[in-house]
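>>> below is the sequence, then the predicted model.
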Amino acid sequence: MSLKEAKKYIVDALLKSPDRTMRWDDIYNYLTNFYPKSTVSKAKADLIDEGVIKELKTVEGKKIILIREPVCYKDDDEDKFDEETFRMYYEYKIKEYFKSVLSKNPDCKVFDVREFLKHFPDSGNLNDKLINYPYEVRKILTEIFLEAYEELYGEKLDIEFIHISNPIGCSVPMSKLSSKYAGKLVEFRGMVIQATKIKPRVYKGRYICPLCGAVKHIELGFWDVPEKVGKDLSCPEDCRNNKGLFFDEHGSHYVDFQEIRLQEPIEETYDGKQHNIIIFYDFYGPEFAVYTGYVKVVGVPIIKRTKKGSVGDVYIHAFYIEKDDDIEKRIKSISDKDLEIIKKIANGKDAIKKLSEFAFREVDGYELIKLALLLQMVGGVETETLRSSINILLISDPGVGKSTLMRALKKRFPFVKYTNAVTTSGPGLTVSVVRENTEFGESWVLKLGTLAKADNGIACIDELSRNKSLFKYLLEVMEQQRISVSKAGIEADVLARCGILAACNPIHGDFDREKSVLEQINLPPELIDRFDLIFPIFDIIDEERDESIADFMVDSLIPKKEKYEINGIELTDEILLKYIIYAKQLTPIPSDEAKDIIKKYYVKKRKEGEKKGVKSMKPRQLGAIIRLSAAHAKLRLSETIEKEDVEIAIYIVEECLKAVAYDPETGSFDVDKILHGPKKERDKLATVYDIIKKLAEKSELVKYDDIVEEAKKIGLNEDDLELIIEKLKKYGDIDEPKPGRYRLL
């Protein structure tokens, strides 16, 4: 036995001991059966000098030795990885960890560093070795994993590598990844903005000697061309062949591969710019594929020089990619001090009102809209029957501030995405699958649009009514909160669980309270019906209000820093963001009183409307009240939805309904007015529809003159009739396949 073998035996014996200690005499007596006493003593002395073991006080006259974590151990050559020494320290522990994991989940192919250290807290140096020698350590981990699997299940797995997750102390912002980290293990976060379909990659090529048939296996890099590699290989049997080896395509080992482009979250950059990086990802099985969302990447930066010159680019070879959609992790961690500040703000007088004023300080007035937008930021509580996202529609003339409100949101909240409907397309709004040039040639690529990028956040769509082609795409997302993709080998369900903040202008200038919303904006009724809140923004001539706006706009030219304080805390955008992020995580439940108030209010309004022949409240408004109540409770940092939350929610909903659904003739809310106008007009619509329906019994196509004749009998003049017919066409009740001929739909 060599000295190294003796040292390895001592370490293995101590690792297998329950408390990692043994009597030295027991080890000594065993080892001296195989080699000289001087070798045994030398092995012990070397291990003590290297800091691997230490001697404890004698017990009953016998020396006890203890294995130590090799924090003081240095490789003989700092630039060389010592596999034998690594295995000496960690092989037993790694195998025990894998057996524990595999016994619970036979499909697991991930080495979780943090979980391993929970099992073996004295093995922190393994993490350091992994960071400095990622490929060497992964190779050993894979070999031990395969041994553990075979010992447990009696069969071999045909894989070349396992994934590695949760290393410690190697987190680096994407924008700071550079040649400095080449060859080292790093961890970072990003958002997928583009991903290729799953493609096969030759991971290990099989090469055959054309003369003697000898076989050689070679691990290939990303840019290696298998056939070219074979030309430079020599025969493993040293035969007379000097022409290289033949690449056996079918006998080679393949893995699944994706090329993924990530974008750095804006809140994690050091320079305020959203950096990009390309990821090369090897994996086994489509369940590991990544197409969308925020992800955490564990990988190794690699450098490829351009064909001409010494300059290169940094890429990432991913060892593992996992979903990281928890919104709280997208910003710097909320410290105990941050949380103390957040709670102090929440306890301040008029805290929510002041927070909304601060969040939208670029715009004067609109207090109720600002409050509603702040509630939209945190959202409600998602259940099996209720979505959490709040959808808001702003209607106004250009120049009254709605675009400024949207820009303020995008500026302060990284989970808010913005687009202008005029300059975007349906795929640009949702997702697209296109052929593009990638690092390894042309490929089908999935690219995310605004709604997909806004998952778990807010999507702002300005000038929505000016692009009809977007309506069907937006409607799908508002209904399903996801986008299904099945094209060119890419199968993915892209999540788009976002609130929609849309803005558009009235067709005829100022918004008219007497007309339906549908008549005044170029949106389909089913889309309008998906909005929880509709805010018409009126440009009313009011001397006091006009003076306030003028002062506000002129004063914006004067350099100043207005302070916003709550409970002694000066607000900043960073504090506001952390406040909203923390509030988003809460899941308040309604108190008995809150439930009772909501139920009684809904039933009361329904009965009031029924007496007047209208519907003053529908389930859509009930859902809005519940979502807004939960959002207000979350802004209070409360775990319970209380009376005050419900009252605020009801107030907001009623203020919206006053503007778009109040019928002065009945003196009540009439939610059908939003889409179909006042009850008086709807009655006329129903009458004309009935006329056409009756005439259609004789002929499928009804003549205009026949409709006029029947309408005159009940007192409808021709001018009113023309307007009513146009509305019936717009609402989709009838169409006009031929001039002056109408058909029921």
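Cool, the structure landed.

>>> assumed Val434 was part of a strand.
Yes: under DSSP: H, G, I helix; E, B strand; the rest coil, Val434 falls within a strand.

>>> am I right that it is in contact with Val445?
Yes: contact criterion CB atoms under 8 Å: Val434 and Val445 qualify, at 6.0 Å. To be clear about C-beta, it is placed using only N, CA and C from the backbone, and glycine gets the same treatment.

>>> between those two, point out the one with more neighbours.
Legend: neighbour count by other CB atoms under 10 Å for Val434 and Val445, higher for Val445 (21 against 13).

>>> where does that one land in three-state SS?
On the basis of three-state DSSP, Val445 is classed as strand.

>>> can you tell me the closest non-neighbouring residue to it?
Nearest non-adjacent residue to Val445, counting by CB to CB, 6 or more residues apart in numbering: Glu436, 4.7 Å away.

>>> now do the one you found, the pLDDT please.
The per-residue pLDDT reported for Glu436 equals 83.

>>> so where's the stretch 201-350 of the chain uncertain?
The stretch 201-350 of the chain contains residues with pLDDT under 70 at 266-274, 307-309, 325-333.

>>> how about a cut-off of 50?
Within the stretch 201-350 of the chain, the set of residues satisfying pLDDT under 50 comprises 327-328, 330-332.

>>> burial of Phe111, as a residue count?
Look at Phe111: counted by other CB under 10 Å, it has 26 neighbours.

>>> okay, and the beta partners of it?
Phe111 has these beta-bridge partners by DSSP bridges: Ile164.

>>> now do Leu262
Here Leu262 shows beta-bridge partners Val192, Ile277, assigned using DSSP bridges.

>>> wait, isn't it in contact with Ala195?
No: using CB under 8 Å, Leu262 makes no contact with Ala195, being 9.4 Å away.

>>> the two: who's more crowded?
Higher neighbour count among Leu262 and Ala195: Leu262, with 26 against 23, using other CB under 10 Å.

>>> can you pull the contacts of the more buried one?
By CB atoms under 8 Å, 6 or more residues apart in numbering, the residues touching Leu262 are 174, 190-193, 276-279, 295, 297.

>>> ok, these vs Tyr473, which is closest?
Closest approach between the contacts of Leu262 and Tyr473, by CB to CB: Ile193, at 18.4 Å.

>>> list the contacts for the closest one?
Contacts of Ile193 were listed using CB under 8 Å, 6+ apart, and they are 261-263, 276, 447-448, 453.

>>> any chance of the residues you listed in JSON lines, plus distance to Lys8?
What follows is the contacts of Ile193, written out as JSON lines (distance: CB to CB, whole Å):
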{"residue": "Arg261", "distance to Lys8": "46"}
{"residue": "Leu262", "distance to Lys8": "43"}
{"residue": "Gln263", "distance to Lys8": "48"}
{"residue": "Asn276", "distance to Lys8": "47"}
{"residue": "Lys447", "distance to Lys8": "53"}
{"residue": "Leu448", "distance to Lys8": "52"}
{"residue": "Lys453", "distance to Lys8": "53"}
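
>>> among those residues, name the buried ones.
261-263, 447-448, 453 (16 or more other CB atoms under 10 Å).

>>> state the number of residues packed around Val225.
Applying other CB under 10 Å, we find 11 other residues in the vicinity of Val225.

>>> give me the nearest residue to Thr587, chain neighbours excluded.
Among residues not flanking Thr587 along the chain, Val381 sits closest, at 5.1 Å (CB to CB, 6+ apart).

>>> what distance do you get for the one you found to Ser388?
6 Å (CB to CB, to the nearest Å).

>>> which residues do those two both contact?
Residues touching both Val381 and Ser388 (CB under 8 Å, 6+ apart) are Ala630.

>>> still on that earlier bit, quick check: the residue nearest to Val445 vs Val422, distance?
Per CB to CB, Glu436 is found 25 Å from Val422.

>>> thought Leu675 was touching Asp529, still the case?
Yes: using CB under 8 Å, Asp529 is in contact with Leu675, at 6.7 Å.

>>> other SSEs contacting the helix or strand where Leu339 lies?
Secondary-structure assignment from DSSP states H and E places Leu339 in helix 336-346. Helix 336-346 sits against strand 569-570, helix 573-584, with contacts defined as 3 or more CB pairs under 8 Å, 6 or more residues apart in numbering; DSSP states H and E.

>>> and for the residue lying closest to Lys730 once chain neighbours are set aside, the neighbour number?
Using CB to CB, 6+ apart and skipping residues adjacent in sequence, the residue nearest Lys730 is Leu518, 7.4 Å away. Using other CB under 10 Å, Leu518 has 21 other residues around it.

>>> for Leu518, which residues are in contact?
With CB under 8 Å, 6+ apart, Leu518 has these contacts: 525, 528, 674-677, 730-731.

>>> now do the phi/psi pair for the residue nearest to Thr587.
When read as degrees, to the nearest 10, the backbone of Val381 gives phi -120, psi 120.

>>> quick check: the gap between it and Ala503.
Between Val381 and Ala503 the distance is 27 Å, computed by CB to CB.

>>> tell me which of those two has more neighbours.
Ala503 (24 against 20).

>>> check contacts around the more buried one.
Applying CB under 8 Å, 6+ apart to Ala503 gives the contacts 393-396, 402-403, 406, 460-464.

>>> now with 7 Å, please.
394, 402-403, 406, 462-464 (CB atoms under 7 Å, 6 or more residues apart in numbering).

>>> so where does it fall, helix or strand?
Short version: Ala503 belongs to strand 499-504, going by DSSP H and E.

>>> tell me which strands that strand pairs with, and in which orientation.
strand 392-396 (parallel), strand 458-462 (parallel).

>>> which parts of the next helix or strand after the first one are buried?
It refers to strand 392-396. Remark: after strand 392-396, the chain's next helix or strand is helix 402-412, criterion DSSP H and E. For helix 402-412, the neighbour count (16+ other CB under 10 Å) marks 402-403, 405-409, 412 as buried.

>>> thinking again about what came up before, the strand holding Ala503: what's the following helix or strand?
Toward the C-terminal end, the helix or strand that comes next after strand 499-504 (DSSP H and E) is helix 517-520.

>>> could you export that next one as PDB, CA atoms only?
C-alpha atoms of helix 517-520 as PDB (Å, rounded to 0.1, in the frame of the first residue of the first chain):
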ATOM      1  CA  VAL A 517     -69.100  53.400 -23.600                       C
ATOM      2  CA  LEU A 518     -69.300  51.100 -26.700                       C
ATOM      3  CA  GLU A 519     -70.600  53.900 -28.900                       C
ATOM      4  CA  GLN A 520     -67.700  56.200 -27.900                       C
END
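
>>> any idea of the mean pLDDT for it?
Averaged across helix 517-520, pLDDT comes to 80.

>>> where is the longest helix in this structure?
When the chain is parsed with DSSP state H, its longest helix is helix 83-104.

>>> please state the offset of that helix from the chain centre?
Centre-to-centre, helix 83-104 and its host chain are 34 Å apart (CA atoms, centre = their mean, to the nearest Å).

>>> phi, psi for Ser638 please.
Given degrees, to the nearest 10, the pair of backbone angles that Ser638 has is phi -100, psi 150.

>>> look up the pLDDT of it for me, please.
Ser638 is given a pLDDT of 96.

>>> was I right about it contacting Ile589?
No: judged on CB atoms under 7 Å, Ser638 makes no contact with Ile589 at a distance of 10.1 Å.

>>> hmm, which helix or strand of the protein has the shakiest average pLDDT?
The least trusted helix or strand in the chain, going by mean pLDDT, DSSP states H and E, turns out to be helix 543-555, with a mean of 54.

>>> could you point out which element follows that one?
Using DSSP H and E, the next helix or strand after helix 543-555 towards the C-terminus is strand 565-566.
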